[in-house]
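Chemist: how would this look folded up:
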Amino acid sequence: MNTVENLSYLKSLQPSKLFISCIRFLIFHLIQKFMSKKEDFIQSIVSGYTSKGASLILGGAILDGEAIAEASVKIPLKTLNRHGLIAGATGTGKTKTIQVLSEQLSSYGIPVLMMDIKGDFSGVAKEGEEKPFITERHAKINIPYTPSSFPVELMTLSQQNGVRLRATVSEFGPVLFSRILDLNDVQAGVVSVIFKYCDDNKMPLLDLKDIKKVINYITEEGKEEIEESYGKISTSTTGTILRKIIELEQQGGDLFFGETSFDINDLLRFDENGKGYINIIRLTDIQDKPKLFSTFMLSLLAEIYQQMPEKGDAEQPELVLFIDEAHLIFNEASKTLLDQIEAIVKLIRSKGIGVFFITQNPMDVPSGVLAQLGLKIQHALRAFTANDRKAIKMTADNYPTSEFYKTDELLTSLGIGEALVTALNEKGIPTPLAATMMRAPQSRMDVLTEAEIAEINSKSKLVKKYGEEIDRESAYEMLTKKIEVSQEQVSAEEEKKVESNEPSTATVVTKSVLKVVTSASFIRGAFGVLMKILKK
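Modeler: Just a heads-up that it's a prediction; the model follows:
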């Protein structure tokens, strides 16, 4: 019927029947509109997240609170060297998201390095258990669930059990070492002189006691030697450098600097099944030592950048790093250090390395670094204060606009295990914003027991390789020996002087006689005897 016929028909109906017809018409219209919206949404997600190459499956897209099984959210492996951000309030599912990503990367033969501040990631080494809520979730997003375990190495910067990670002072070089200490140009120049002096004299700088010894030497015993060859150095400058080194030392730097140095190629290992190793650095005991954390992270990125060959536009990354609690780095870092981090993040992707920062609020990450991150996975944020609401508004502005979502409202209504996702497709174009019901990890969603940790370490080849702490002859021992030899020479020369100035026996007797003869008492006595003789 046409519109006129429809109106005539409606007028002929009784009021009750007219009401029912209107309701039916409204429902039909809403269903049509919803179906059209759903179809448009599915089309948008499918076209935006389909790739020619291999990809990671994060979960299923959500529309109006419902997970859409046909709309899977996939991230191309090819784009993972464009780095990423995983953010969200405590307890919203960030760690499980890292677990999901790490598991799939490992399955594709891509090694992972995870910096685990909270100590809740180690369960990836053991097979998970399919519980009812997991079965229900995976049915909604149409992804099969298969429990699985993954090869793991447990590493440490301190004296916890695991593979010890160390680096020498020489490996840092004067520029990076100065930036770690946040030195000004004059102080950094002095550090360069120290490194040059040690290179010229073949004195290895292995640990912090080496460089402290050199600083003490050039301001005391070796001051003239340094001034003659390298110019005058202010004691106030060396004093400042020494205090900065002591500050680093108090945060555990003495444990990190030394031998055996860690070889980054040991991060690029696979097990007998071709799975990439998930290397977990356990950092639970250095949460209050941000200087040590940032020192290690920057040295690692710099070492990887220097040693890894150029990969260009590869089909998948060589290694992916997850840096948990990233605000610990950025909050304590100087501007110089932030510039260095930003520069390395920009350049390191050409080496096939992906870096993912994990933090509670995206605003914790400096804008210069944030601009380099291609993948963004945003879990729920909480708005308890006016500042929180401002932060949410700013966070929403960092995501693509969407006809299907009000981003700022959605950020506070996401459930546990749900996240907003946007990435880059294989052409480098941002994908549509997708609220996503994340898939569950295949491995255990809990930590390892002490017995399980001991079992992993007992089977590790790397624990044996890096377990021995070497303290070979270096600048400290060489300068100590040099100072001792110098002191022995000075002592010998002084003894010779004393011996050459010591008088003979005849000289002593002569001097004694002269002393007596010339004394006033002797003279008076002699005159008395002479007077008596003359009177006679």
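
Chemist: run through the stretch 1-150 of the chain and note the low-pLDDT ranges.
Modeler: Scanning the stretch 1-150 of the chain for pLDDT under 70 picks out 1-22, 24-35.

Chemist: switch to 80 and redo it
Modeler: Along the stretch 1-150 of the chain, the parts satisfying pLDDT under 80 run over 1-36.

Chemist: what ranges do the strands span in it?
Modeler: Secondary structure of the stretch 1-150 of the chain, counting by DSSP state E, counting those that start in this stretch: strands at 55-63, 66-76, 84-87, 112-116.

Chemist: what stretches of the stretch 401-536 of the chain score poorly on pLDDT?
Modeler: Low-confidence segments of the stretch 401-536 of the chain (pLDDT under 80): 468-476, 478-479, 482-536.

Chemist: how about a cut-off of 70?
Modeler: When residues are selected by pLDDT under 70, those of the stretch 401-536 of the chain lie in 486-536.

Chemist: okay, now Glu468: neighbour count?
Modeler: For Glu468, the neighbour count with other C-beta atoms under 10 Å is 9. C-betas here are computed from N, CA, C, even on glycine.

Chemist: before we move on, back to that, out of the strands of the stretch 1-150 of the chain, flag the one nearest Val186.
Modeler: Closest approach to Val186 among the strands of the stretch 1-150 of the chain (C-beta to C-beta): strand 112-116, 33.7 Å.

Chemist: what comes up buried for the closest one?
Modeler: Within strand 112-116, the residues that qualify as buried are Val112, Leu113, Met114, Met115, Asp116, counting by 16 or more other C-beta atoms under 10 Å.

Chemist: distance to Asn201 added to the strands of the stretch 1-150 of the chain, as CSV?
Modeler: Conversion of the strands of the stretch 1-150 of the chain to CSV gives the following (distance: least, C-beta to C-beta, whole Å):
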stretch, distance to Asn201
strand 55-63, 52
strand 66-76, 52
strand 84-87, 46
strand 112-116, 36
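
Chemist: if we can go back for a sec, show me which of the buried residues of strand 112-116 is closest to Leu255.
Modeler: Closest approach between the buried residues of strand 112-116 and Leu255, by C-beta to C-beta: Met115, at 16.2 Å.

Chemist: among the strands of the stretch 1-150 of the chain, which is nearest Asp182?
Modeler: Counting by C-beta to C-beta, Asp182 lies closest to strand 112-116 out of the strands of the stretch 1-150 of the chain; the figure is 21.6 Å.

Chemist: helices or strands up against the closest one?
Modeler: Counting contacts by 3 or more C-beta pairs under 8 Å, 6 or more residues apart in numbering; DSSP states H and E, strand 112-116 is packed against helix 94-107, strand 278-282, strand 319-323.

Chemist: what distance separates it from the middle of the whole chain?
Modeler: 9 Å (C-alpha atoms, centre = their mean, to the nearest Å).

Chemist: check stretch 63-77 too.
Modeler: Per C-alpha atoms, centre = their mean, the centroid offset for stretch 63-77 relative to its chain is 31 Å.

Chemist: then stretch 396-411?
Modeler: Counting by C-alpha atoms, centre = their mean, stretch 396-411 is centred 30 Å from the centre of its parent chain.

Chemist: quick check: end-to-end length of that stretch?
Modeler: 8 Å (C-alpha to C-alpha, to the nearest Å).

Chemist: for the remainder of this discussion, apply numbering that starts at 899.
Modeler: In the new count, where the first residue is 899, that last one comes out as stretch 1294-1309.

Chemist: pull out the buried positions in that stretch.
Modeler: When neighbours are counted by 16+ other C-beta under 10 Å, the buried residues of stretch 1294-1309 are found to be Ala1294, Asn1296, Tyr1297, Ser1300, Phe1302, Tyr1303, Thr1305, Asp1306, Leu1308, Leu1309.

Chemist: out of the strands of the stretch 899-1048 of the chain, which gets nearest to Lys1094?
Modeler: strand 1010-1014 (33.2 Å).

Chemist: ok and that closest one relative to helix 992-1005, angle-wise?
Modeler: Relative orientation of strand 1010-1014 with respect to helix 992-1005: 160 degrees, computed using axes from the mean of the first three to the mean of the last three C-alpha atoms, to 10 degrees.
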